[in-house]
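Trainee: My questions are about this predicted structure, shown below with the sequence.
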Amino acid sequence: MPLYQWGKSSLSLGSTHSCTGNRCDDLIKDAESADPARRRQAALDLAYCRNGKRVLPEIVLKERHVAVRETMFDSLLHLVDAAMVERLLPMLRSNDAMLRNGAIELFQQIPELFAPHVSGLLADDDSDVRIFTINVIQHLHHTMVPSWLLEVIRHDRHVNVVAAALNALADFARPNMVGDLLAVKKRFEDQPYLHFAVDTVMSRTKRGVAIDATGITDSEFESFRDLFYARTGILFKENKRYFVDKRLIDRIHKTGHQSFADYFRYVRLAESAHEFQILTNVMTVNETYFFRDDGHFKAMVHSMLDQIVANKRKGEMIRIWSVPSSTGEEPYSIALYLLEYWPKLSDWNVQIIASDINTEVLERCNKGIYSKHALRFVPQPLVRKYFAELANGEYQINLALRKSVNFFLGSILDAKYQADVQHVDIIFCRNLLIYFDDVSRKQAVETLYGLLNPGGFVLLGSMESMSRISSRFQIQKIDSSLVYQKGLV
Ligand SMILES: C[S@@+](CC[C@H](N)C(=O)[O-])C[C@H]1O[C@@H](n2cnc3c(N)ncnc32)[C@H](O)[C@@H]1O
């Protein structure tokens, strides 16, 4: 496979964007200044300062200027990690509506980091906190949302909380919720307002019945789940039922089948590989963005690459693999970090390869067109340097960068693709294993281990860990990130 060569290529190096010593202190002073413009600039710069994580959650509490506070929330979003979410959660208790709404909007954008707190918050003694949590989750792109909301309408005793959950549930209504909805009416016999909310959701479930005409039974769901698991390694648990049924029903209708049984027979045929690919495209979760969990990119340019080249001869290739790439934000972030923050790039040849099981996302990788939202953590100077703004407000990454990553289709569990990706030095395998069960996780990790060069690294997503999967790797902590290294011998 011809791969684009990096390093001594025509790609130019940029300046680094970190902040040290006195500059940090100045920023902290500016953040307290009386001048809103200075405070706003400081808030922007603190997003790229090592003290930002510590300072911003404190100063945002004191900020009264709307625009400055908005900027602070943007910068917080850039920096937020699991520990910071814990520090920010008390904002849901704030009497300051602007602060609370800022927090609600922030949490809505970090489903994976917020999800672990939802059950606790929905059990909070303060009914306002429960309502604000519902405000967050109803906009969260997370498959647990209908189950969380159902739990609220089943158990919460506070009429306003149940009303908020019912309003949110209207978007997720389906026929099997009818029993729970009727039970709400019974529990709150004397609350006509709630009855009205229940009726609204009920009317949506009836619309759902029409869509649901093909009716997927438990055993049909299980047959599909097993087939999909066998071919992709992705295991849908019962809590994903809503997500899966909705997509299956859509495909049954679009392919003109009358029942699940007809459709399932069709999907299993070897000649229907195209339909199975469409199913794969609609069933995979492709959430990603530029500079996601950027500690890993920093660890790459601050330490991992130096460790790797220490064991290479000049001129040897460094190979970095992003699997799964999703729509390309991760492999392009690797490229941007190398160009901007690894001073030794010009001395080495680097290949970046990237793969995914979903054909639609790969098409989008090749086009390299992204929304402003996907670029929210990329510093503006880099956006200006590497992206062109299109007439519709989206941004296209420049051609040299598009050519610098070689994208290909394949499942991490499929041996036939592995010949393309041997001798890899760094593998970004982030936010994939969460969709697998332990068997596919172990298989995937064994594959990665086999494809890595001695001394090479694997990076997993923030919700993933190697601990129950493999003891073959050595753990290294680089700054605040954990990375997994294959031994040198
Ligand atoms: C949530 S995205 C992760 C993207 C990126 N690594 C990140 O962390 O931002 C998960 C991706 O895994 C892909 N995927 C699922 N099963 C896969 C498999 N067996 N092999 C390769 N990619 C797979 C999906 O198509 C989806 O694009």
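Mentor: Noted; the coordinates are in hand.

Trainee: Helices of the stretch 301-450 of the chain, start to end?
Mentor: For the stretch 301-450 of the chain, the helices defined by DSSP state H, counting those that start in this stretch occupy 305-309, 329-341, 359-367, 380-386, 399-404, 438-451.

Trainee: What lies in contact with the longest one?
Mentor: The one in question is helix 438-451. Helix 438-451 has contacts (C-beta atoms under 8 Å, 6 or more residues apart in numbering) with 229, 233-235, 321, 412-413, 418, 421-424, 427, 429, 432-433, 436, 458, 466, 468-470, 472-473, 486. Just so you know, the C-beta spots here come from the backbone N, C-alpha and C atoms, and that holds for glycine as well.

Trainee: Now restrict the residues you listed to buried residues only.
Mentor: Among the contacts of helix 438-451, those classed as buried by 16 or more other C-beta atoms under 10 Å are 229, 233-235, 321, 412-413, 421, 424, 427, 429, 432-433, 436, 458, 466, 469-470, 473, 486.

Trainee: where are the low-confidence patches of this protein?
Mentor: Applying pLDDT under 70 to the chain picks out residues 1-22, 206-215, 417-418.

Trainee: In it, which residue sits furthest out from the middle?
Mentor: What lies farthest from the middle of the chain is Asp190; by C-alpha atoms, centre = their mean that is 42.9 Å.

Trainee: So what's the residue count around the residue lying closest to Val361 once chain neighbours are set aside?
Mentor: Computed as C-beta to C-beta, 6 or more residues apart in numbering, the closest residue to Val361 that is not its neighbour in sequence is Thr327, at 4.7 Å. Neighbourhood size, Thr327 [other C-beta atoms under 10 Å]: 23.

Trainee: ditto for the one 3 residues further on
Mentor: Glu330 has 26 neighbouring residues, counting by other C-beta under 10 Å.

Trainee: what's it in contact with, if anything?
Mentor: 288, 292, 322, 354, 428, 430.

Trainee: change it to 6 Å
Mentor: The contact partners of Glu330, by C-beta atoms under 6 Å, 6 or more residues apart in numbering, come to 288, 322, 428.

Trainee: what does Thr284 give?
Mentor: Asn358.

Trainee: gap between it and Ile427?
Mentor: Distance from Thr284 to Ile427, counting by C-beta to C-beta, to the nearest Å: 19 Å.

Trainee: closest point of the stretch 51-200 of the chain to the ligand, which residue?
Mentor: Residue of the stretch 51-200 of the chain nearest the ligand, by C-beta to the nearest ligand atom: Glu112 (9.0 Å).

Trainee: Give the helix, strand or coil label for that residue.
Mentor: Three-state assignment for Glu112 (DSSP: H, G, I helix; E, B strand; the rest coil): helix.

Trainee: do the same with Ile469
Mentor: Counting by three-state DSSP, the backbone at Ile469 sits in coil.

Trainee: mind listing what's buried in stretch 99-114?
Mentor: Using 16+ other C-beta under 10 Å as the test for burial, stretch 99-114 gives 99-100, 102-104, 106-114.

Trainee: Run the chain-centre distance for that stretch.
Mentor: On the basis of C-alpha atoms, centre = their mean, to the nearest Å, stretch 99-114 sits 14 Å off its chain's mean C-alpha point.

Trainee: Buried residues, whichever helix in the chain runs longest. List them.
Mentor: Counting residues, the longest helix found in the chain (DSSP state H) is helix 192-211. Using 16+ other C-beta under 10 Å as the test for burial, helix 192-211 gives 194, 197-198, 201-202, 204-205, 208.

Trainee: coming back round to it: residues contacting the residue farthest from the centre of the chain?
Mentor: Asp190 makes contact with no residue under the criterion C-beta under 6 Å, 6+ apart.

Trainee: which stretch of helix or strand covers it?
Mentor: Assigned by DSSP states H and E, Asp190 falls within no helix or strand.

Trainee: Please look at Ile353 and Asn406 and confirm they touch.
Mentor: Yes - with contact defined as C-beta atoms under 6 Å, Ile353 counts as touching Asn406 (5.0 Å).

Trainee: who has more neighbours, the two?
Mentor: Ile353 (22 against 17).

Trainee: which residues does that one contact?
Mentor: 321, 406.

Trainee: Try it again at 10 Å.
Mentor: Neighbour list for Ile353: 1, 3-4, 319-323, 325, 331, 405-408, 420-421, 424, 427 [criterion: C-beta atoms under 10 Å, 6 or more residues apart in numbering].

Trainee: Same check on Arg265?
Mentor: Contacts of Arg265 (C-beta under 10 Å, 6+ apart): 257, 259, 272.

Trainee: if I've got this straight, the last one is in a helix?
Mentor: Think Ser272. Yes - looking at Ser272 with three-state DSSP, it is inside a helix.

Trainee: Quick check: the gap between it and Asp226.
Mentor: Ser272 is 17 Å from Asp226, by C-beta to C-beta.

Trainee: The ligand next: which of the contacts of Ile353 are close?
Mentor: Residues of the contacts of Ile353 in contact with the ligand (C-beta under 6 Å from any ligand atom): Val323.

Trainee: Just the buried ones from the contacts of Ile353, in ChimeraX syntax?
Mentor: Entered in ChimeraX, the line below selects the buried ones among those, by 16+ other C-beta under 10 Å:
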select :4,319,320,321,322,323,325,331,405,406,407,408,421,424,427
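
Trainee: Among the contacts of Ile353, which lie within strands?
Mentor: Using DSSP state E, 319-322, 405-408, 424, 427 are the members of the contacts of Ile353 that sit in strands.

Trainee: Ala31: which of those is nearest?
Mentor: Ser322 (35.2 Å; C-beta to C-beta).

Trainee: for the closest one, what are its contacts?
Mentor: Ser322 makes contacts with 288, 328-335, 352-356, 365, 405, 407, 426-430, 459, as judged by C-beta under 10 Å, 6+ apart.

Trainee: try it again with 6 Å
Mentor: Ser322 neighbours (C-beta under 6 Å, 6+ apart): 330-331, 354, 428.

Trainee: Show me the two of these that sit farthest apart.
Mentor: Largest separation among the contacts of Ser322 by C-beta to C-beta: Ala354 and Phe428, giving 8.7 Å.

Trainee: Could you check which of those two has the larger neighbour count?
Mentor: Legend: neighbour count by other C-beta under 10 Å for Ala354 and Phe428, higher for Phe428 (28 against 24).

Trainee: Quick check: residues of the chain near the ligand?
Mentor: Taking C-beta under 6 Å from any ligand atom as the measure of proximity, the chain contacts the ligand at 232-234, 284-288, 292, 323-324, 326, 330, 356-358, 361, 411-413, 430-432, 435, 461.

Trainee: how near is the residue of the stretch 51-200 of the chain closest to the ligand to Val445?
Mentor: Separation of Glu112 from Val445 (C-beta to C-beta) stands at 20 Å.

Trainee: ok, now Ala415?
Mentor: The value you get for Ala415 to Val445, if C-beta to C-beta is used, is 15 Å.

Trainee: And Lys254, by the same measure?
Mentor: Distance from Lys254 to Val445, by C-beta to C-beta: 36 Å.
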